[in-house]
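**Student:** got a structure for you, letters missing:
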């Protein structure tokens, strides 16, 4: 099949490369000529493990091509995926759908035959209806079906998630042709027995938001339990394991830390809250999740100041990890941004190291000095703070770090290091959700 992907951001590029790897003929379209040129030369616009090889091998095989010419890209396409950004709209928090609607209009005006337009971008309930109105108004002469196919990719594990998904959700208005086309698009997944779930279009749009809101709620719940553990003398890691072993709850997304960030959870939870308000069905749980998570990130800065004895003025704090999670260079809504701001407000000097995120982070935190590795970052620091749980930070030489520092404060916001190990190296350890001493 011929598939056209509109947008070469995170979702579009990963999805397009994976579809090509399945054997489909894929054209990726983007208006940014510089981005297209970079991709064609082998330079990826995002860091995602394995993506450069996947793109390169399929481009070399002729199954994956790139263009800035949308009209040329959509010619003869069986399915056209819209994978453009839907950021939070300034001022009110609603999802900004202007890029989706502009893409839909341009696609319709450029078509040379019937096709299925697939909304891959994360969009609020009812967006597919408006996309359908736009394309039918532009091309009443063509049979154009509009479906919703939300993505469920985790940054850092996106290729595996695409090829071995828990489920594929396809929302339609009941069109047999649209369902047949989408079944063929995802037929390569039959070997992995991945369920393809057909629903109504509005239902599919809501599934995406509901899934992200539920996961964000689990994260926020265990973070609040962590605060309670600290107050009563319990251990959050044991609490997490104790409840996670219940199959009705599950262990994933129950790791206490500095709060969630990234491209999805912050904007999707906020967009769901706004949708509930628009339909006069407020979602109080998610409203609280959004508020608690925003406050938590800043609170982590205060936690570090407290570990320094309550005064950070003139002191140096070394941060390990800046991205919102490992295996990505994504800094969107990363907890480190709020932590840095809180520390700078407290008068601290900050040095940081991140394996992939420093180039993106530098313009976002101009007052932070970037180091070449964890050990350089720690040299002369009064406190060392683990912010992002990169694999490279899981087995650091704590004695070497402690020996190079001016102070002996270790703040582990990801609970990587046991208390006994940290103290044996000479550190005074502050963790999240307890002292780190289990029976």
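**Tutor:** Arrived safely, thanks for sending. Everything quoted here is computed from the prediction, not taken from an experiment.
**Student:** outside of stretch 224-240 itself, list whatever touches it.
**Tutor:** By Cβ atoms under 8 Å, 6 or more residues apart in numbering, the list of residues contacting stretch 224-240 from outside reads 222, 251, 254-256, 292, 415, 432-438. Heads up, the C-betas are built off the backbone N, CA and C, glycines and all.
**Student:** restricted to helices, list the residues you listed.
**Tutor:** Per DSSP state H, helices hold the following members of the contacts of stretch 224-240: 222, 292.
**Student:** adding pLDDT and neighbour count, write the contacts of stretch 224-240 out as CSV.
**Tutor:** Output for these, formatted as CSV (pLDDT from 0 to 100; neighbours: other Cβ atoms under 10 Å):
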residue, pLDDT, neighbour count
222, 98, 23
251, 96, 13
254, 97, 20
255, 97, 20
256, 97, 26
292, 97, 18
415, 96, 21
432, 97, 24
433, 96, 25
434, 91, 21
435, 83, 14
436, 72, 21
437, 66, 11
438, 62, 11
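**Student:** out of the contacts of stretch 224-240, the closest to residue 146 would be?
**Tutor:** Lowest distance from residue 146 to the contacts of stretch 224-240 (Cβ to Cβ) belongs to residue 292, with 36.5 Å.
**Student:** show me the strands in the stretch 101-250 of the chain, by range?
**Tutor:** 115-119, 144-148, 168-172, 196-200 (DSSP state E, counting those that start in this stretch).
**Student:** strand partners (parallel or antiparallel) of the first one?
**Tutor:** Strand partners for strand 115-119, identified by DSSP bridges, are recorded as strand 79-82 (parallel), strand 144-148 (parallel).
**Student:** any idea of the mean pLDDT in the first one?
**Tutor:** Okay, so that is strand 79-82. Strand 79-82 carries an average pLDDT of 98.
**Student:** also stretch 116-127?
**Tutor:** Stretch 116-127 shows an average pLDDT of 96 in the prediction.
**Student:** what comes up buried for that stretch?
**Tutor:** Along stretch 116-127, the positions that meet the burial threshold by neighbour count (16 or more other Cβ atoms under 10 Å) are 116, 117, 118, 119, 120, 121, 122, 123, 124, 125, 127.
**Student:** okay, and for this protein, where does confidence drop off?
**Tutor:** With pLDDT under 70 as the threshold, the chain has low-confidence stretches at 91, 437-439.
**Student:** CSV please, covering the strands paired with strand 115-119 and showing mean neighbour count and distance to residue 35.
**Tutor:** Output for these, formatted as CSV (neighbours: other Cβ atoms under 10 Å; distance: least, Cβ to Cβ, whole Å):
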stretch, mean neighbour count, distance to residue 35
strand 79-82, 27, 17
strand 144-148, 25, 26
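**Student:** so which of these is nearest residue 331?
**Tutor:** Evaluated with Cβ to Cβ, those place strand 79-82 nearest to residue 331, the distance being 24.9 Å.
**Student:** re the thing from before, redo the strands paired with strand 115-119 as a markdown table? Include distance to residue 327.
**Tutor:** A markdown table is the format used below for the strands paired with strand 115-119 (distance: least, Cβ to Cβ, whole Å):
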| stretch | distance to residue 327 |
| --- | --- |
| strand 79-82 | 24 |
| strand 144-148 | 28 |
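**Student:** residue 47: which of those strands is closest?
**Tutor:** Each of the strands paired with strand 115-119 has some distance to residue 47 by Cβ to Cβ; the shortest is strand 79-82, at 22.3 Å.
**Student:** who's in contact with the closest one?
**Tutor:** Around strand 79-82, the neighbours that count as contacts under Cβ under 8 Å, 6+ apart are 1-7, 12, 15-16, 74, 100, 103-104, 107, 115-121, 131, 149, 181-182, 185.
**Student:** tell me who's in contact with residue 348.
**Tutor:** Shown in contact with residue 348 (Cβ under 8 Å, 6+ apart): 305, 308, 312, 313, 314, 315, 316, 317.
**Student:** follow-up on the earlier one: quick one: which of the contacts of stretch 224-240 is nearest residue 325?
**Tutor:** Within the contacts of stretch 224-240, proximity to residue 325 (Cβ to Cβ) peaks at residue 255, which comes in at 10.9 Å.
**Student:** hang on, the closest one packs against residue 222?
**Tutor:** Yes. In this structure, residue 255 is within contact of residue 222 by Cβ atoms under 8 Å, at 6.9 Å.
**Student:** that's a strand at residue 410, yeah?
**Tutor:** Yes. Residue 410 sits within a strand when classified using DSSP: H, G, I helix; E, B strand; the rest coil.
**Student:** burial of residue 197, as a residue count?
**Tutor:** Residue 197 sits with 13 neighbouring residues when counted by other Cβ atoms under 10 Å.
**Student:** apologies, that question was intended for residue 236.
**Tutor:** The number of residues packed near residue 236 is 25, by other Cβ under 10 Å.
**Student:** so what's the residue nearest to it when sequence neighbours are not counted up against?
**Tutor:** Beyond its immediate neighbours in the sequence, the residue positioned closest to residue 236 (Cβ to Cβ, 6 or more residues apart in numbering) is residue 433, lying 2.7 Å away. When the contact criterion is Cβ under 8 Å, 6+ apart, the partners of residue 433 are 225, 226, 227, 229, 230, 235, 236, 237, 239, 256, 415.
**Student:** just these now: which is nearest residue 153?
**Tutor:** Checking the contacts of residue 433 against residue 153 by Cβ to Cβ gives residue 256 as the nearest, at 24.3 Å.
**Student:** how close does that closest one sit to residue 218?
**Tutor:** 11 Å (Cβ to Cβ, to the nearest Å).
**Student:** also residue 8?
**Tutor:** Residue 8 sits 31 Å away from residue 218, going by Cβ to Cβ.
**Student:** and for residue 233?
**Tutor:** Residue 233 sits 24 Å away from residue 218, going by Cβ to Cβ.
**Student:** and residue 395, by the same measure?
**Tutor:** To residue 218, residue 395 is 28 Å away according to Cβ to Cβ.
**Student:** of those two, which one has the most company?
**Tutor:** Higher neighbour count among residue 395 and residue 218: residue 218, with 18 against 9, using other Cβ under 10 Å.
**Student:** need phi/psi at the residue nearest to that one when sequence neighbours are not counted.
**Tutor:** Take residue 218 and drop its neighbours on the chain: the residue closest to it by Cβ to Cβ, 6+ apart is residue 253, 4.1 Å away. Here the main-chain torsion angles of residue 253 (degrees, to the nearest 10) amount to phi 60, psi 30.
**Student:** wait, what's in contact with residue 253?
**Tutor:** Listed by Cβ under 8 Å, 6+ apart, the contact partners of residue 253 are 215, 218, 219, 222.
**Student:** count of neighbours near the first one?
**Tutor:** Yep, that's residue 215 we're talking about. The number of residues near residue 215, taken as other Cβ under 10 Å, comes to 17.
**Student:** that one: what's it in contact with?
**Tutor:** With contact set as Cβ under 8 Å, 6+ apart, residue 215 has these partners: 253, 265.
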